[in-house]
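>>> output the structure for:
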Amino acid sequence: MVTAGGRASYYVSYRREAFAQIKLPKYSLPKDMHIISTNENQVFAAVQEWNQNDTYNLYISDTRGIYFTLAMENIKSSRGLVGNIIIELYEVAGIKGIFLANKKVDDQVKTYITYNKGRDWRLLQAPDVDLRGNPVHCLLPFCSLHLHLQISENPYSSGRISSKETAPGLVVATGNIGSELSYTDIGVFISSDGGNTWRQLESVFPERPMSFEEEANG
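As a prediction, this is how the structure comes out:
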């Protein structure tokens, strides 16, 4: 990154070649950037535009990491315990191309999923039944499943969502069913097919830590 005249410019080197300036769309005026992923010869970058305060836009690059296109707007961000930026975008381990994102839509936060690295996004379908086996009446797009996507800042403890390379497709997360993401009526949800379908395991308090091994084993 190089700063000149109060504006930052970002540079990338592909396979140790000379550094080239990153090319964002002309309408993009970045004031902050975070590299999210560099898998499969593409770069995912979260960019905060000049008019954003608590959200970032997600861009994906070409194979050289130079030219970027918009993948999703207004992904929620927050401050960590030490003041670092936490962007609520989660890459599911074990299966390539699956990301979960919490997007701010008209002052509501909703969870979306992509299976093709950001080309298409959709809301999460809520479980068909609740913990007691009663039908869940949750009709898309008015109601869906929303997940807390924060990863623990402590490398020795798990966060609110977990997946592992050794268990492809298995995702465990805390969240809620409704019109938007909430921090009340929280439950633990599990998916064994990479986020396509979900079932609820239990209800929890917001401050309850989550163990991937404990919840995955039922």
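
>>> can we go C-alpha only for contacts and neighbour counts from here?
Will do.

>>> ok, now how distant is Tyr59 from Ala93?
20 Å (CA to CA, to the nearest Å).

>>> for Val82, same thing?
Val82 is 26 Å from Ala93, by CA to CA.

>>> so for the two, which sits in the more crowded spot?
Ala93 (20 against 7; other CA atoms under 10 Å).

>>> the protein: helices as residue ranges?
Along the chain, the segments classed as helices by DSSP state H run 212-216.

>>> pLDDT-wise, which helix or strand of it ranks last?
In the chain, no helix or strand scores lower on mean pLDDT, DSSP states H and E than strand 2-4, which sits at a mean of 43.

>>> partner residues bridging the residue nearest the centre of the chain?
Centroid check for the chain by CA atoms, centre = their mean gives Leu89 as the closest residue, at 1.8 Å. Here Leu89 sits in beta bridges with Ala101, going by DSSP bridges.

>>> check contacts around it.
For Leu89, the contacting residues are Ile75, Phe99, Leu100, Ala101, Asn102, Leu149, by CA atoms under 8 Å, 6 or more residues apart in numbering.

>>> tell me, how many residues neighbour the second one?
Pointing back at Phe99 there. The number of residues packed near Phe99 is 21, by other CA under 10 Å.

>>> check what pLDDT it gets.
Predicted confidence (pLDDT) for Phe99: 95.

>>> how about stretch 27-40: buried residues?
Pro30, Met33, Ile36 (16 or more other CA atoms under 10 Å).

>>> and the biggest strand by length in the chain, what's buried?
Secondary structure of the chain read by DSSP state E shows that its longest strand is strand 68-79. Neighbour counts over strand 68-79 (16+ other CA under 10 Å) mark Phe68, Leu70, Ala71, Met72, Glu73, Asn74, Ile75, Lys76, Ser77 as buried.

>>> noted, bye for now.
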